[in-house]
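>>> what's the 3D shape of this:
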Amino acid sequence: MIMKIIKKKIKSIIIKVEDGEVVVSAPHGTSKSYIDKVLDKNKSRIEELKTLDAKKNRFKNHLFGEKIEVDNEKDLEKIYRTRLKAVLDILFEKYEKITGLKATSVNIRKMKVRWGTCYPASGKININLKLAERPIDEIEAVVLHELVHLKYGNHDKKFYNECIKYMPNYLEIEKRLKT
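Got it, this is the predicted structure:
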């Protein structure tokens, strides 16, 4: 079992499963043997948590859908920016060529809710830094989505038909992005 133990100023043991890893938060001074007993006592609950976690389809500490080992958030962000920029350069060039739509600028930003934003009047597109965690086909769908917004501002039938025209499985990929 992949496990991480974090000692902190709390009163009782907390067990979570994040990205397939069991994370145990325990009060300072808690012995490893006591933590093992608590884990043993809660085996069935941990299995439930693992199942729920797997369904969430999280991509924490992933690069293009693959798990990576990084020492700290600063290094992870640097990797995300560098690698995502390289992929975005290729994908924007590809989809600008086949759609005939062109962004005036593409910026990578930290965003809390959206994968991307488009400002049709200025032609500017922002892409969420966290998109670097997702598989390439999902990044590709976001690039296409934002470019199509240069032509259609709303998410109406014409907008979706345009996306499907260039990416037949667009709706399936968009559904994965919402999980």
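>>> Please count neighbours and contacts with C-alpha atoms only from this point.
Fine.
>>> Now residue 34: phi and psi?
phi -70, psi -40 (degrees, to the nearest 10).
>>> quick one: it and residue 122, what's the gap?
From residue 34 over to residue 122 the distance is 60 Å, taken as Cα to Cα, to the nearest Å.
>>> ok so residue 85 is a helix residue?
Yes: read with DSSP: H, G, I helix; E, B strand; the rest coil, residue 85 is one of the residues of a helix.
>>> tell me which element the spatially closest residue to it that is not a sequence neighbour falls in.
In space, and not counting its chain neighbours, residue 85 is closest to residue 108: 7.6 Å by Cα to Cα, 6 or more residues apart in numbering. Per DSSP states H and E, residue 108 falls inside strand 105-109.
>>> which element follows that strand toward the C-terminus?
Following strand 105-109 in sequence, per DSSP H and E, is strand 116-119.
>>> Can you name every helix or strand that that next one contacts?
strand 124-128, helix 136-148 (3 or more Cα pairs under 8 Å, 6 or more residues apart in numbering; DSSP states H and E).
>>> which stretch among the ones you listed comes nearest residue 44?
helix 136-148 (34.0 Å; Cα to Cα).
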